[in-house]
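Trainee: Have a look; sequence and predicted model below, questions after that.
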Amino acid sequence: MKTTRSRYTRANYAVNQTTVWEMLSEDQCEELFMTALEVLERTGSEIQNEEARGIFEKAGCWVDGNRVRIPSALSEWAVRSAPSRVTVCDRNGKRALKLETTNAYYGSGQGNTYVLDPMTAERRKPVKADVVKTGIVCDGLKNVDFVMNNGLPADVKAGMAEVHAFEALVTNTTKPIIQSIQGVEQAQAILDIAAAVAGSLKEFQKNPFALFLIETEGALVHSNETLAKVLFAARNGVPYIYATKLIAGETAPATPAGAIVVALADALVGILLGQLVRQGAPVIAGGFFTIKNQETGILPFGAPEISLMGTGMANVLRFLKVPSFGFAGATDAKESDAQMGLEAAFSILHAGLSGTNLIHGCGQLEYGLTGSLELLVMGDEVMGMTRRMMKGVEVNEERLARGVIDVVQPGGHYLGEEHTLKYFRSEFWWPTLMNRTRIAEWEANGAKSLGQRVKEKTQSIINTHQSEKLPAEVLGTIKAILDKADGR
């Protein structure tokens, strides 16, 4: 290929490797961080866990009842102590998620009250078989990087839903898992299963394929149970996500900047506690921001404010070099329709371009009440498009193609050039669901809408995809752990 020019050396040649949207400047990020430090030092947080209060007090915090005020220097130390990158592996120990800088990874949503059955379209309570299907579908989707349980199973022993959900996922996908935990007992059972899969607790700690999701109540309040989970995760070397949920104008200030300050202050409490227990404990921080419809009481999942504030939070965390956890791919629609596509697509694009490290939420309908595998499958297509945009335009001597242009000459075509053959596939994105055929071919194939094609692909993955199975002895160990936990 004739693409080269004479030898040369460039000086001060700046490159944009990927397309990333920076909403906040470094000065703005610093101001938000400094304000959060002031909030923690002046106002403080409600710490409802006695052991955590003792740890904070020993470290130099001011404790008055449940109120704990944190010196700014201590919060700043915690941010420096926490790792600036967290690597998560797949089930086989292969490094899969490098949570650093602006690396962005997508995954499903979690914790829905209902599911939309992909076979019958029935809206019903989730059962364990639905979590199995979530694992299979996520395993079969190219652009889904990690898995969460899309609804807690209602057909298992009370208090054991998270443990059974983890077992259903880890046996049906090799992809990393983010697992919510209800309490320390459930966390121990989940950790036992993870250690059995990895070969030992030490091997799991070296190559973790699962993260604990610990959700705080927000509004500068940290419950006894929430902080007990942080203590457990930090002591056992399990990477954990400390995430807050805030309603702008209700549990946080109405202004995006004010809401981000409260979220950041909440996150710093979870980061600090982990670092005081185990310096260098791997932690990811983030939050879910929304608004409230005062007439209906509904907290929308498709509102643009979610993306706006989530991007701001991700910007500040990147400034602090703390891996980020965000939200995208959900909708307030009740079925597969245009609203579903619009809301999910905008948020997936927005979160990806913002460089949020872990982006969860895809596959949630009806303001998070209902889980939909069809939305997850459609979201996988949007994730692929977004990744192509994020890839940007690579500029180097071969891609500039100056020699190829000269060979083809004005009015010529490039189809027969070796250069075209080399880059035809790698430079273009090709859809798997969206239709680009001529109308006659589309009609000959049944004139199917996008919704119909999504339904067929979802059902096909469930019926035909074969995920890698765990060895029989590992499955036996997992069953024994489940039986013991169920018997408590």
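Mentor: Received it, and whenever you're ready, just let me know what you need.
Trainee: So Val115: helix, strand or coil?
Mentor: Val115 carries the three-state label strand when classified by DSSP: H, G, I helix; E, B strand; the rest coil.
Trainee: Could I get the contacting residues of it?
Mentor: With contact set as Cβ atoms under 8 Å, 6 or more residues apart in numbering, Val115 has these partners: 123-126, 130, 150-151, 370-372. Glycine gets a C-beta too; all of them are placed from N, C-alpha and C.
Trainee: the helices in the stretch 201-350 of the chain, which residues?
Mentor: Listed in chain order, the helices found in the stretch 201-350 of the chain under DSSP state H, counting those that start in this stretch are 201-206, 224-235, 256-277, 304-320, 338-354.
Trainee: about what we covered before: so which two of the contacts of Val115 are the farthest from each other?
Mentor: Farthest apart among those by Cβ to Cβ are Lys125 and Ser372. That separation is 14.6 Å.
Trainee: can you put the helices of the stretch 201-350 of the chain in JSON lines and add distance to Arg488?
Mentor: Formatted as JSON lines, the entries for the helices of the stretch 201-350 of the chain read as follows, by distance: least, Cβ to Cβ, whole Å:
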{"stretch": "helix 201-206", "distance to Arg488": "20"}
{"stretch": "helix 224-235", "distance to Arg488": "16"}
{"stretch": "helix 256-277", "distance to Arg488": "25"}
{"stretch": "helix 304-320", "distance to Arg488": "37"}
{"stretch": "helix 338-354", "distance to Arg488": "39"}
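Trainee: Of these, which is nearest Val156?
Mentor: Distance to Val156, taken as Cβ to Cβ, is lowest for helix 224-235 among the helices of the stretch 201-350 of the chain, at 20.1 Å.
Trainee: how close does His465 sit to Leu141?
Mentor: When distance is defined by Cβ to Cβ, to the nearest Å, His465 is 9 Å away from Leu141.
Trainee: repeat for Glu185
Mentor: When Cβ to Cβ is applied, the distance between Glu185 and Leu141 equals 33 Å.
Trainee: out of these two, which sits in the more crowded spot?
Mentor: Neighbour count, other Cβ atoms under 10 Å: between Glu185 and Leu141, Leu141 has more, with 27 against 15.
Trainee: Could you pull up the residues touching the closest residue to the more buried one other than its chain neighbours?
Mentor: Residue nearest to Leu141 in three dimensions, not counting chain neighbours: Asp380, with 4.3 Å by Cβ to Cβ, 6 or more residues apart in numbering. Contacts were defined as Cβ under 8 Å, 6+ apart; by that measure Asp380 touches 141-144, 362.
Trainee: Asp380 sits in which helix or strand?
Mentor: Secondary-structure element containing Asp380, defined by DSSP states H and E: helix 373-391.
Trainee: can you pull the alpha-carbon coordinates of that helix into PDB?
Mentor: The C-alpha atoms that make up helix 373-391 are tabulated as PDB, following Å, rounded to 0.1, in the frame of the first residue of the first chain:
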ATOM      1  CA  LEU A 373     -34.300  -8.600  28.400                       C
ATOM      2  CA  GLU A 374     -35.500  -7.200  25.100                       C
ATOM      3  CA  LEU A 375     -34.400  -3.700  26.100                       C
ATOM      4  CA  LEU A 376     -31.100  -5.200  27.100                       C
ATOM      5  CA  VAL A 377     -30.700  -6.800  23.700                       C
ATOM      6  CA  MET A 378     -31.700  -3.500  21.900                       C
ATOM      7  CA  GLY A 379     -29.300  -1.700  24.200                       C
ATOM      8  CA  ASP A 380     -26.400  -3.900  23.100                       C
ATOM      9  CA  GLU A 381     -26.900  -2.500  19.600                       C
ATOM     10  CA  VAL A 382     -26.700   1.000  20.900                       C
ATOM     11  CA  MET A 383     -23.600   0.200  22.900                       C
ATOM     12  CA  GLY A 384     -21.900  -1.000  19.700                       C
ATOM     13  CA  MET A 385     -22.800   2.300  17.900                       C
ATOM     14  CA  THR A 386     -21.600   4.300  20.900                       C
ATOM     15  CA  ARG A 387     -18.300   2.500  21.000                       C
ATOM     16  CA  ARG A 388     -17.700   3.200  17.300                       C
ATOM     17  CA  MET A 389     -18.300   6.900  18.000                       C
ATOM     18  CA  MET A 390     -16.000   6.800  21.000                       C
ATOM     19  CA  LYS A 391     -13.300   5.100  18.900                       C
END
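Trainee: buried stuff in it?
Mentor: Residues of helix 373-391 classed as buried by neighbour count (16 or more other Cβ atoms under 10 Å): 373-387, 390.
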